[in-house]
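*Asks:* Sequence first, then the predicted structure:
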Amino acid sequence: MRSDRPNHNPLTLPSRRLSLLVRVSAASLVLATVLAGAGADDDAMTGMQSEAVIESRPLTQQEQQFFESKIRPVLVANCYSCHSAQSSKLRANLLLDTRDGLLRGGDLGAAVVPGDLDASLLIKALRYDDEDLQMPPKAKLSEAVIRDFEQWVTMGAPDPRVDVVGTIDGGGPAIASYSMDIEKGRRFWAFRAPLKPETPKVSDSAWPLREVDRFTLASMEARSVRPVADAERGAWLRRVTFDLTGLPPTPEAIAVFDKDRSAKAYETVVDRLLASPAYGERWGRHWLDVARYAESSGKESNVLYPHAWRYRDYVINAFATDKPFDEFVREQIAGDLLPASDPTDRAENLIATGYLAIGPKSHSAQNARQFAVDVVDEQIDSMSQGILAVTIACARCHDHKFDPIPQKDYYAIAGIFASSTTAFGTERGPGNRHTAPLIELPADARITNGPSMPTQRRSIIATAADRLKQESERTAEAAKVARESGEGLNQINLAKVRNLRDQSSLLGTILERFDEEGHPTAMNRVAMGVAESKRMVDAPVLTRGEIDKAGERVPRGFVQVLMSDEAPAITEGSGRRELAAWLTSRENPLTARVWMNRVWLHLFAKGIVPTPDNFGMSGLPPTDQRLLDWLAVRFMEEGWSTKAMLRELTLSHTYRLAAVGDAKNQEADPENLTLWRFPTRRLEAEAIRDSMLAVAGTLQLTPPVGSPTNFGEGSMRGGDQRLLSLLTTNEPVRSVYLPIVREELPQSLEVFDFAEPSFVVGDRAETNVATQALYLMNSPEVMATADAFADRLLAMKGSEADRIVRAFELSFGRRPTGAEVAASREFMKEFAKDLVAEKGSAPSSKGSAANENRPGQRLRERMKDRANRGDASPSVAAPSNERAAWSAFCQAMFASGEFRMLN
Amino acid sequence: MDLCNNRLPTPVSRRDLLRTMACGFGYLAFSGIAHTAWADDVVADPLAPKSPHFPARAKRVIFLCMAGGPSHVDTFDYKPKLITDDGKAFGKGLRAGAKLLASPWKFRQSGKSGLWISDLFPEVAKHADDLCLLRGMKTDVPAHAQATTKLHTGSFQFVRPSMGAWSLYGLGTSNKNLPGFVTIDPPSQNGGAQNYGSSFLPAIYQGVPVNLANAKKQRGGASGADAIENINNDRFGEKAQREQLDLVQRLNKEHMKQAKEDPQTKQSLDGVIESYELAFRMQAEVPDLIDFSQESKATLEMYGIGTGNDKFARQCLLARRFAEAGVRFIEVSHGGWDTHRNLRDDLTKQCGEVDRPIAALLGDLKKRGMLKDTLVVWGGEFGRTPYAQNGDGRDHNNKGFTTWMAGAGVKGGFSYGSTDDYGIESVDGIVDIHDWHATMLHLLGLDHEKLTYRHAGRDFRLTDVKGNVRKDILA
């Protein structure tokens, strides 16, 4: 699937307006835009030649009235029966119920040429001058009406009925005309390109440290609130370390920062964190939430996607290297069509398109067509919510209920994806009727072949594959004998044979990927992704979204309301390259804003637009549009660098504020919309788990190669649960590398509101619920980690008090108070007593609490035995009880509210 | 809580003991702290009981899910013409040549109402006057996975919240010591966790699986160990664990002091503190619930516990105990209804496993005065064809099948809707899955059109844009 296509820079693609209009002067549009400084601003349009902009200019009230009173009624009464979407039989392929239909015309050519009476066939027909062209056919209309039409054409044929007319597909028009006011929609704040606002003036000019602070301070001053004091340095360090890396600051980092009293101390920290690999893992995961990343299909069959991890690694790497965000988006939509500097770059571009392939799918769906349109729908939904924060998929079955997105726009985009093939790479098997190839990665690319499979696992799979193969042959033979002996076609046997063959072939696929030693082979150099279809198609509008109700085909294109300016034309191919270019155009009103809003909410708890996946009219408006627009424009000016913006934001004064209350501010701005204080947050699931492992000293910071799901194939439902458990092991790697099988999430992540991987999740829930408490109190994996933490403390030289201090430093990034030390010491004493008195125990040497029998039970019985023998000296049990007490103490540190809170 | 009145008194339960202990340094110790200047900011508990839209007939639902598609024409949908036309070719389309198969079981009229029920359900038939048969059911797709997710979530195309999650979201729950939505031994296939998931609803509303099958059997019952994930601590005894929790709570209290005038931190810490106390109470309550030793011998016998395959009997008794304890939505699953062949043997076995426990559950609820506000629902994802498959089996049938409801607010001894003469297709009183959901929500006092949740820019409902409450069945 390698492309030899000449590569264009997507930003310099030849552009034209999507609708097929005559004489649109692109140059004048651009010029006017620049002069007025706005894309969709009404003012931008006023200086233009009427000939250039008939189609996108909002009508004056007078024009509107003229059309509605004199033109539309006549068209409806006399023309629509043969020339509209409602026509039972469309004549001459001419549609007069839309502006584009009029301008584009039918078999004879354009019905109306604005401003040109002689060239307008409609006028000719109305005048009855030409014997071959007289309309309406029954009788000539009155002279007054004809004069109205002439006047109207001379005016430039102002027509509010915005719509793009597609080609007519065989059976005639199937949908009603669309009358939503797209022009008006373009004036909605989110659908106008952001302009860089002036930096607001503030009275306290000493407070801002960064430009962004002027915006936040201006809002505060407008509401008469004062920013609270700064956070303590330690709190800021913990905050910024978690925010940028998802890990707690090490005691060493705390000490270094504590000593560094230079002016650059804060910058030094931020730069160090941004440069660390942990940054890519943290921020890559934020995008993976939006990209609904998972390694299986979910839904009824939950078919494994053994190669999805390559996309995960691509995302992490993109953030680590600060790949410009526009490039990042383009690669995910159309990486296969973009230029590459070398084979490795090429491989990366191909892997990036995995974004479109990893969505949830119904692999058991019986209808192939339904499956195909559902895949496209999922792609549209994820892309539009994830990148644009617009719910385009709402327009699948009908025009969008809230936003000016006609159903046709949905199908314009659907055509783009329908003209691409999705390489999700699964094979037929139980629960899976849908197969697709994978994308081969360039042989000379410097990429990993994948993880190595334990040889024992490989031999188990090989044996199973053989057994299944033999069984299928035996069954096939039996079925054959039965058939020949006249017992008739045994359907059950045939189904069984097919099933066995499929299963055996799935295992065979795994075996092809790993050689006898378990090393990954070249067969494993594949990725999920998309490629161009052999045949390009425009998608038909499906009435109510039903596949057997196909209507007219819509030319491939984008969402009209978001195209107040130049949209790249789809001249060849599926249109994904143009889609990618359009998404990342400087004129796109949403992409930069939406991402900056996501960045903001990860630092400040709430988005400036509180509905981060919905900037549409049913979403919430921005709390401070100037700020959002400034961020978006600045972001683009900075070359779409996320790191540059994170640097700006984390070094701001706003970010440095303490997380404390203030009665007066509370009254004036109870929701903290102006950020007069730093908002307290709960850490995400990954940060909680990674912190426990980091504090215990067992976190493995080296990224694993690939994912355990690479060792599997097929449906995860109703099958062998042992297989599933092998594929979802909980290694002490960073949480971002744990295998994400839909519906089978690692418990450590699921209990703490991990992003549901079947949806675009811009904003995770932050709950504190009992299932989390049970997990932290009783889960063997938490207890094992607490054991490791205890061992780490016990290995330290020093007193009990020293260890307690260390435990606090490691867990909370601060020294304990006197009361905390006292409470901890008291606990040690009392708990050890309880253990002896009650039935507590020392953890077993491996720290596993998952034993079938309670270790505590056994210990107690042993002690009873000893007591009976008269040698129950407490000192005998002391060492292990001491460890148990330390482990319980360490577990309490994990369980405490402070451990999971960021403030 | 009136629901607990019927529970057998025990001198000092383990739970009570723990509650007392908790006062030593537990939840109560902190209750004072929360009431500071910022107490008003405390966010409402998402599980707190909420008023229904209108007075509810049902306070809770027990859904007995017969996975695989139970045959309606052999159980609750009496088709005399199928008997007379036994063996006749029923030839249409793909099924040309298929032969009608009369039910091998006799149907007879039961109760004062005279509902026709087959001999497969002799015990349930004794409760005929409490049953409301829905004989005009239909669903979209005759495939297990799709129909099962449709049955539970209203959608087979998209991942949507389950009906239990919607119910909990709409009504909250009254017992703070237990989850509000439990599903006992849910199957892992055909949608798996999706069938009790919360999808875009907050995670707190998802069903908590109770794996009774895992729970260790003892004392004629089972221990609560492993029934709910992490419900059991394998290492520490209660006292030691309380000691540990007290340290956690003390650290939380210290942190709260440090947070000074910070309402936000206080609020989060309150949540954390409460979550531990609830977890601790759940630890105590769940094993008690799963421990059947407090049940009388007569009750155990009534359900059929201790004889043969008593898995479903245990599930039903547990369902009653959860209902009593105030759980809002309880699902019990029983698999194996996919009778493509060996109909005679398999359906005998299937019904044999569920008949007595279901009858016992209905009787037990009635005896305890709970049937009047407990909605018991029985059914599978679809029904089966009246014509034969593999000689002695029946194929999937989504066009017509039967489910039934009993208890709170539905007419007893009532049959609503019907299929055609053979039971192929519903022709009258049709109840599709959206109608079925709408009716269930209605009985819970919820207007299915008003029970909405905003997600991805629009308001979602369990019933999508469809669903009609079948008022004819309301008592």
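*Replies:* Yep, it's here. Numbers count the residues shown, from 1 in each chain, chains lettered A, B, ... in the order given.

*Asks:* quick one: contacts for residue A:595?
*Replies:* The neighbours of residue A:595, taking Cβ atoms under 8 Å, 6 or more residues apart in numbering or on different chains as the test, are A:325, A:635, A:642. To be clear about C-beta, it is placed using only N, CA and C from the backbone, and glycine gets the same treatment.

*Asks:* now the strands for the stretch 351-475 of chain B?
*Replies:* Here the stretch 351-475 of chain B has its strands, by DSSP state E, counting those that start in this stretch, at B:374-379, B:383-388, B:394-397, B:401-407, B:414-416, B:418-419, B:426-428, B:431-432, B:453-455, B:458-460.

*Asks:* Strands - which of the contacts of residue A:595 land there?
*Replies:* Among those, no member falls in strands (criterion: DSSP state E).

*Asks:* Return the subset of those lying in helices.
*Replies:* A:325, A:635, A:642 (DSSP state H).

*Asks:* Could the C-alpha coordinates of stretch B:349-366 be exported in CSV?
*Replies:* Extracted C-alpha coordinates of stretch B:349-366, given in CSV (Å, rounded to 0.1, in the frame of the first residue of the first chain):
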residue,chain,number,x,y,z
LYS,B,349,-34.1,-29.3,31.7
GLN,B,350,-34.1,-25.5,31.4
CYS,B,351,-37.6,-25.0,32.7
GLY,B,352,-36.9,-27.6,35.4
GLU,B,353,-34.1,-25.4,36.7
VAL,B,354,-36.0,-22.2,36.8
ASP,B,355,-39.7,-23.1,37.5
ARG,B,356,-39.5,-23.8,41.2
PRO,B,357,-37.1,-20.9,42.0
ILE,B,358,-39.2,-18.4,40.1
ALA,B,359,-42.4,-19.6,41.8
ALA,B,360,-40.6,-19.5,45.1
LEU,B,361,-39.4,-15.9,44.4
LEU,B,362,-42.9,-14.8,43.6
GLY,B,363,-44.4,-16.5,46.6
ASP,B,364,-41.7,-15.3,48.9
LEU,B,365,-42.1,-11.7,47.8
LYS,B,366,-45.8,-11.9,48.2
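
*Asks:* Could you report the distance from residue A:837 to residue B:239?
*Replies:* The gap separating residue A:837 from residue B:239 is 8 Å, by Cβ to Cβ, to the nearest Å.

*Asks:* Poorly predicted segments of the stretch 651-800 of chain A, please.
*Replies:* A:718-725, A:728 (pLDDT under 70).

*Asks:* can you map out the strands along it?
*Replies:* Counting by DSSP E, counting those that start in this stretch, the segments of the stretch 651-800 of chain A that form strands are A:681-682.

*Asks:* Number of residues surrounding the closest residue to residue B:193 other than its chain neighbours?
*Replies:* Leaving aside its sequence neighbours, residue B:193 sits nearest to residue A:743 (Cβ to Cβ, 6 or more residues apart in numbering or on different chains; 4.9 Å). Using other Cβ atoms under 10 Å in any protein chain shown, the number of residues around residue A:743 comes to 24.

*Asks:* give me the element the residue sitting nearest the centre point of chain B is part of.
*Replies:* What sits nearest the mean C-alpha location of chain B, by Cα atoms, centre = their mean, is residue B:331, with 2.1 Å. Element membership for residue B:331, per DSSP states H and E: strand B:329-334.

*Asks:* re the thing from before, for the residue nearest to residue B:193, what are its contacts?
*Replies:* Contacts of residue A:743 (Cβ under 8 Å, 6+ apart): A:296, A:298, A:302, A:716, B:192, B:193, B:194, B:197.
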